[in-house]
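1. sequence and predicted structure, then a few things I'm wondering about:
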Amino acid sequence: MAILHPFRALRPVPGKASEVACVPYDVINTEEAKALASGKPASFLHVIRPEIDLAEGTDEHADVVYEQGARNLQAFAASSDTVQEESASVYVYRLIMDGRSQTGIYGCVAVADYDNDIILKHELTRPVKEDDRTRHILEQQAHAEPVMLTFKDDPHIAAILSQTIENEPLYDLVADDGVQHTIWRVDRPEPLVNLFGSIENLYVADGHHRCKAASRAAKQAPHQSEAAFFPAVLFPMDDMAIMAYNRIVKHLPEGPAAFLGALKASFDLAPVENPVPQKKGDICIYLDGHWYGMTLPPSAADSVVDALDVSRLSEHILSPMLGITDPRTDPNLDFVGGIRGTTDLVARVDRGEAELAVSMFPTSIQELVEVSDAGLLMPPKSTWFEPKLRSGLLVHLFSDATQDEVY
């Protein structure tokens, strides 16, 4: 059963929350992080993307980057703009995007639950990204950012969430992208802790590399009891929304015209005005200045992974027609989060960055659960969760080994 662990959060004072809060490290590159943090010394990007404070061209995996990140977190913790809670607790975190809300619990979960498959995964991790986040955790002696997990809805947990959001929030801010982020502190976390003791499984939605890095860091810091837990926001499944994760192919071996002809010879391809697929199995393809729609054939195999649209795309088009047999490593294939929209796909092809773009229908939360429950893994970049959590609002420090009990 799942462990929910209260913690003494390091957090900005309420008046500084909007200056501190930032997007997660993995949705932007160094140049984008530098632009977002420009003129914002309080931005938490200085902690999670510390290379922005170093000389232009510094390798983000250089020793000096991890050292800078640790210094920046120490300065953040020592600032009069932050405070560490006197007692351990958990929090309620609500996101509102385009009128749709999702509300979850912000607390720590156990590395042991991740290692023992109480927390189920659906995606492989890449060693280089694991190494990077593990090094940051160990250098900073902290988990700077939460992961996003989901669980099967529970009416008793829902009742506590509903009661909590009737109270005065700790933070209530609207980010630059228009998403509203509201956080409440739970004065007595024991009921939620006890309820999660009956939740059979948690599922990783977003943050596989941070989960794996937390597991690795715990093994390298066994003397730090708080290293055995890492922060997560846990959302009930009915609240979750998954967007498409689209694909671009950089080079077509015989050019766009020849590839279009090959597609028409093999599939029922037709021009479309709406480039967003309307049902499972449908994709839209942009090449040579036009959008086309088609339905992917069923998979010849019968596992829940093979039935995913991203798997069927690989089976019927990417592998046999383009020789892309390993989507995880092939440099000819790239991935574009659905939040960027189909206009971004068009722009990338029209700018010459790619010759083909594929607009996908989103993977469902039920498909994610079925794959995870079966102990299987999805192809890379199968799900894009939106809205994203903000980083810097609640930080989990290792130097909290003797937390006060709150109940």
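-> Yep, it's here.
2. now the stretch 301-407 of the chain, which segments are flagged as low pLDDT?
-> 400-407 (pLDDT under 70).
3. do a quick rundown of the helices in it.
-> 309-313, 319-322, 341-350, 365-373 (DSSP state H, counting those that start in this stretch).
4. please apply the same query to the stretch 51-200 of the chain.
-> Under DSSP H, counting those that start in this stretch, the stretch 51-200 of the chain gives helices at 63-78, 111-115, 127-140, 155-164, 190-196.
5. send me the second one as PDB with only the CA atoms.
-> Backbone C-alpha positions of helix 111-115 (Å, rounded to 0.1, in the frame of the first residue of the first chain) are rendered in PDB as follows:
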ATOM      1  CA  VAL A 111      11.600   5.500  -2.600                       C
ATOM      2  CA  ALA A 112      10.800   2.000  -1.400                       C
ATOM      3  CA  ASP A 113       7.400   2.200  -3.000                       C
ATOM      4  CA  TYR A 114       9.000   3.200  -6.300                       C
ATOM      5  CA  ASP A 115      11.600   0.400  -6.000                       C
END
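6. can you mark which positions in that helix are buried?
-> Across helix 111-115, burial judged by 16 or more other C-beta atoms under 10 Å covers V111, D113, Y114. From N, CA and C alone the C-beta is placed, and that goes for glycine too.
7. the first one contacts K212, correct?
-> No: the pair formed by V111 and K212 falls short of the contact definition of C-beta atoms under 8 Å, at 10.1 Å.
8. separation between L269 and H251?
-> 20 Å (C-beta to C-beta, to the nearest Å).
9. look at the two and report which has more neighbours.
-> Set L269 next to H251 and count neighbours by other C-beta atoms under 10 Å: L269 wins out with 15 against 11.
10. contacts only, for the more buried one.
-> Applying C-beta atoms under 8 Å, 6 or more residues apart in numbering, one finds that L269 lies in contact with L260, L263, I285, Y292, G293, M294.
11. mind listing what the last one touches?
-> With contact set as C-beta under 8 Å, 6+ apart, M294 has these partners: L263, F267, D268, L269, A270, D282, I283, I285.
12. show me the residues you listed that map onto strands.
-> A270, D282, I283, I285 (DSSP state E).
13. what's the neighbour count on the last one?
-> Read that as I285. Neighbour tally, I285, other C-beta under 10 Å: 24.
14. relative to G99, how far out is it?
-> 31 Å.
15. try the second one
-> Computed with C-beta to C-beta, the distance linking D282 and G99 is 26 Å.
16. ok, those two, which is more surrounded?
-> Under the criterion of other C-beta under 10 Å, the comparison of D282 against G99 puts D282 first, with 17 against 5.
17. can you get me the start-to-end distance on stretch 190-206?
-> End-to-end distance of stretch 190-206 (C-alpha to C-alpha, to the nearest Å): 26 Å.
18. buried set for it?
-> By 16+ other C-beta under 10 Å, the buried positions in stretch 190-206 come out as L192, V193, L195, F196, I199, N201, L202, Y203, V204, A205, D206.
19. and the direction of whichever strand in the chain runs longest versus that of helix 155-164, what angle?
-> If you go by DSSP E, the chain has its longest strand at strand 100-110. Angle of strand 100-110 versus helix 155-164, following axes from the mean of the first three to the mean of the last three C-alpha atoms, to 10 degrees, is 110 degrees.
20. list the contacts of the residue nearest to D113 when sequence neighbours are not counted.
-> Counting by C-beta to C-beta, 6 or more residues apart in numbering, I119 is the residue found nearest to D113 once chain neighbours are left out, at 4.9 Å. By C-beta under 8 Å, 6+ apart, the contact list for I119 reads A2, V109, D113, L149, N201, L202, Y203, V204, C211.
21. in strands, which of the residues you listed fall?
-> Counting by DSSP E, the contacts of I119 place V109, L149, L202, Y203, V204 in strands.
22. widest-spaced pair of the residues you listed?
-> Distance extremes for the ones in strands among the contacts of I119: the farthest pair is V109 and Y203 at 11.6 Å, using C-beta to C-beta.
23. and for those two, which residues touch both?
-> Common contacts of V109 and Y203, defined by C-beta under 8 Å, 6+ apart, comprise I119, L149.
24. quick check, V64 in contact with A70.
-> No: using C-beta under 8 Å, V64 is not in contact with A70; the gap is 10.8 Å.
25. for D26, state which of the contacts of L269 is nearest.
-> D26 lies nearest to I285 out of the contacts of L269, by C-beta to C-beta, at 27.6 Å.
26. the closest one reaches P277, doesn't it?
-> No: if you go by C-beta under 8 Å, I285 and P277 don't touch, sitting 10.3 Å apart.
27. who touches both of those two?
-> With C-beta under 8 Å, 6+ apart, I285 and P277 have common neighbours G293, S359.
28. for the stretch 51-200 of the chain, which spans come out with low pLDDT?
-> If you take pLDDT under 70 as the line, the stretch 51-200 of the chain has no such spans.
29. quick one: contacts for the residue most central in space within the chain?
-> Centroid-nearest residue in the chain: D206, 3.1 Å away (criterion: C-alpha atoms, centre = their mean). Contact analysis of D206 by C-beta under 8 Å, 6+ apart lists V147, M148, T383, F385, K388, L389.
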